[in-house]
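> Provided below are the primary sequence and the corresponding predicted coordinates.
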Amino acid sequence: MAALNHELESIVEERTAELQRSNAELLRSLSAAQELNDLKSRFITLTSHEFRTPLTTILGSTELLKHYGENWTQDKRERYLDRIHDTVDHMTRLLNDVLTVGQAEAGQLTFSPSLVNPLDLFESAIEQVLTKTYRDRRIQLSHDLHARDVYLDQTLVSQILSNLLSNALKYSAADSAIEVYLKTEENQILFRVRDHGIGIPEADQADLFTSFHRAKNAANIQGTGLGLSIVKNAVNLHGGQVTVESQEGSGSTFTVLLPLT
């Protein structure tokens with residue numbers, strides 16, 4: 001009888017452990033499903049809001065050009081054409097950001113390092129971001145380079161720079177300079193992007209690199225909440241680190257460290 005009781009107790013304990021494991025797995029599945037639903041909901045909200053305004057701008061500018069363009073000066077026509085061009089660029093960047101985040105979530109982003117001149121890469125990234133919406137802004141680049149060429153994934157580093165620079169410009173005043181510092185060491189590359197803008201509230205900093213998250217003081221500034229998520233994914237693929245120092249009202253400094261392969 002004692003042996004039978006012991007066997008029954010063992011069976012009950014085993015079944016109880018299995019039930020607990022099943023419940024834990026179910027809770028994880030439910031949590032993942034909830035996160036996916038939340039992600040879908042935020043994506044729908046993003047697309048409905050972020051696409052509506054540029055589409056309205058394109059439609060309105062096109063209608064004005066169609067009906068009144070012949071009576072306008074060449075300069076005025078070019079201003080409206082530039083507005084359409086810039087708006088299409090904005091929508092293209094938004095779509096690219098969404099696709100990049102989707103690839104990262106699906107584990108489809110690849111890491112393909114090649115020999116890159118870091119100074120050329122940074123100067124090109126700065127030139128590209130300034131030739132769009134921020135033609136009259138200033139970005140100061142300083143550097144301390146000990147290697148002319150290094151192994152990096154040029155596409156991923158360009159995405160990191162593009163998003164950090166765009167955010168720095170977006171969240172700081174038009175007369176405020178952006179400071180970029182670049183340094184190569186024996187086995188890593190370090191760069192910083194510093195602005196003197198609105199800063200990031202402390203309460204928002206823990207979720208800063210989460211897709212679609214936006215700080216409370218940025219609610220009235222156009223944005224998607226995808227840029228820093230893309231930065232984090234690109235840094236992770238390099239096996240690097242990204243940190244931020246920020247205080248609301250006093251600007252932000254993002255520091256990226258990438259190991260050199």
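The structure has been received and is ready for your questions.
> would you mind listing the buried residues in the host helix or strand of residue 64?
Here residue 64 is covered by helix 52-68, with elements defined by DSSP states H and E. Of the residues in helix 52-68, 54, 57, 58, 61, 65 count as buried by neighbour count, 16 or more other CB atoms under 10 Å. Every C-beta, even on glycine, is put in place using the N, C-alpha and C of the backbone.
> the fourth one contacts residue 86, correct?
No: if you go by CB atoms under 8 Å, residue 61 and residue 86 don't touch, sitting 10.4 Å apart.
> rewinding a little: now the helix or strand just after the helix holding residue 64, how far from the centre of its chain.
Proceeding N to C from helix 52-68, the next assigned helix or strand is helix 74-105, under DSSP H and E. Taking CA atoms, centre = their mean, to the nearest Å, the mean C-alpha location of helix 74-105 is offset from the chain mean by 16 Å.
> where does this protein have its least confident helix or strand?
helix 2-50 (a mean of 58; mean pLDDT, DSSP states H and E).
> give the residue spans of the stretch 151-261 of the chain that score low on pLDDT.
Flagging of the stretch 151-261 of the chain using pLDDT under 70 yields the residue ranges 261.
> and the strands in it, which stretches?
For the stretch 151-261 of the chain, the strands defined by DSSP state E, counting those that start in this stretch cover 178-184, 188-195, 241-246, 252-259.
> so what secondary structure elements neighbour the shortest one?
Think strand 241-246. Where contact means 3 or more CB pairs under 8 Å, 6 or more residues apart in numbering; DSSP states H and E, strand 241-246 is packed against helix 227-238, strand 252-259.
> residue 245: which of the ones you listed is closest?
Taking CB to CB, strand 252-259 is the member of the helices and strands packed on strand 241-246 nearest to residue 245, at 4.7 Å.
> need the contact partners of that closest one.
152, 157, 160, 164, 168, 171, 187-195, 197, 199-200, 231, 235, 238-246 (CB atoms under 8 Å, 6 or more residues apart in numbering).
> same check, this time on stretch 207-226
By CB under 8 Å, 6+ apart, stretch 207-226 touches 39, 42-43, 46, 50, 53, 94, 97-98, 100-101, 105, 170-171, 198-201, 203-204, 228-229, 231-232, 242, 244, 248.
> identify the residue nearest the geometric centre of the protein.
Among the residues of the chain, the one closest to the centroid is residue 227, at 1.6 Å (CA atoms, centre = their mean).
> list the residues that contact that residue.
Taking CB under 8 Å, 6+ apart as the test, what residue 227 contacts is 97, 163, 164, 166, 167.
> any idea how far residue 168 is from the closest residue in space to the fourth one that isn't next to it in sequence?
To tie it back to what came earlier, the one meant is residue 166. Among residues not flanking residue 166 along the chain, residue 129 sits closest, at 5.9 Å (CB to CB, 6 or more residues apart in numbering). To residue 168, residue 129 is 9 Å away according to CB to CB, to the nearest Å.
> same question for residue 111.
25 Å.
> put the alpha carbons of stretch 164-184 into PDB.
Only the C-alpha atoms of stretch 164-184 are listed here, as PDB (Å, rounded to 0.1, in the frame of the first residue of the first chain):
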ATOM      1  CA  LEU A 164      20.100  59.700 -35.100                       C
ATOM      2  CA  LEU A 165      20.800  62.800 -37.200                       C
ATOM      3  CA  SER A 166      17.100  63.200 -38.300                       C
ATOM      4  CA  ASN A 167      16.000  63.000 -34.700                       C
ATOM      5  CA  ALA A 168      18.600  65.500 -33.500                       C
ATOM      6  CA  LEU A 169      17.500  68.000 -36.200                       C
ATOM      7  CA  LYS A 170      13.800  67.300 -35.700                       C
ATOM      8  CA  TYR A 171      13.800  67.800 -31.900                       C
ATOM      9  CA  SER A 172      16.000  70.900 -31.700                       C
ATOM     10  CA  ALA A 173      15.600  74.500 -32.700                       C
ATOM     11  CA  ALA A 174      16.400  75.700 -36.200                       C
ATOM     12  CA  ASP A 175      19.400  77.800 -35.000                       C
ATOM     13  CA  SER A 176      20.800  75.000 -32.900                       C
ATOM     14  CA  ALA A 177      23.900  73.100 -34.100                       C
ATOM     15  CA  ILE A 178      24.100  69.300 -34.000                       C
ATOM     16  CA  GLU A 179      27.500  67.900 -33.000                       C
ATOM     17  CA  VAL A 180      28.900  64.600 -34.300                       C
ATOM     18  CA  TYR A 181      32.100  63.100 -33.000                       C
ATOM     19  CA  LEU A 182      33.700  60.100 -34.600                       C
ATOM     20  CA  LYS A 183      36.700  58.100 -33.200                       C
ATOM     21  CA  THR A 184      38.300  54.800 -34.200                       C
END
